[in-house]
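[1] I'd like to go over a predicted model; first the sequence, then the structure.
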Amino acid sequence: MPERLKLIMNNLREIILEYRPDQVAVEQVFVNVNPKSTLLLGQARGAAICAAVLHNLDVSEYTALQIKQAVVGNGHAHKDQVQAMVIQLLSLSGSPGKDAADALACAICHAHGGVGLGKISLGLRMKRGRLV
């Protein structure tokens, strides 16, 4: 497992050096039915966050509820709904995989409610995962 974490961190560091982002958005860990899967996901997130922090990038975290609310308008939307809205919002010609769509949805959430893209939601606040 340590080799996989090293691979995640090193690959993300390469991506950061190539594309030079100034912010990072990640989904918060949720408790899965399988505790082992939850722990492995947490470790992968930690490696990703470390890669960002080593490059002095601001890291924002969002819950799945916040991400779904920002992208679909329903905090309890299904993955296929998130995927469809990501395609529509970004005018994609193809269909990203569900995991890639989740990552793009996190970026969209950040742009809408986080510190990204001029704080589109300036003046709004979060209440139970919804912008109000």
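    Structure received.
[2] When you work out contacts or count neighbours from here on, use the C-alpha atoms and nothing else.
    Noted.
[3] Could I get the full set of strands for this protein?
    Counting by DSSP state E, the segments of the chain that form strands are 23-27, 58-62, 126-127, 130-131.
[4] number of nearby residues for residue 66?
    Around residue 66 there are 25 other residues, counting by other C-alpha atoms under 10 Å.
[5] how close does it sit to residue 14?
    Here residue 66 is placed at a distance of 29 Å from residue 14 (C-alpha to C-alpha, to the nearest Å).
[6] can you pull the buried residues of the longest helix along the chain?
    Counting by DSSP state H, the longest helix found in the chain is helix 35-54. Across helix 35-54, burial judged by 16 or more other C-alpha atoms under 10 Å covers 41, 42, 43, 44, 45, 47, 48, 49, 50, 51, 52.
[7] Identify the residues contacting the third one.
    With contact taken as C-alpha atoms under 8 Å, 6 or more residues apart in numbering, residue 43 is in contact with residue 5.
[8] redo that, cut-off 10 Å
    With contacts defined as C-alpha atoms under 10 Å, 6 or more residues apart in numbering, residue 43 is in contact with 1, 2, 4, 5, 29, 37, 49.
[9] Please tell me which one of the residues you listed counts the most neighbours.
    The member of the contacts of residue 43 that has the most neighbours, counting by other C-alpha under 10 Å, is residue 49 with 20 neighbours.
[10] Check the spacing between the closest residue to it other than its chain neighbours and residue 24 real quick.
    Here the nearest residue to residue 49 in space, its sequence neighbours aside, is residue 59; by C-alpha to C-alpha, 6 or more residues apart in numbering that works out to 7.1 Å. When distances are taken as C-alpha to C-alpha, residue 59 and residue 24 turn out to be 5 Å apart.
[11] Sounds good, over and out.
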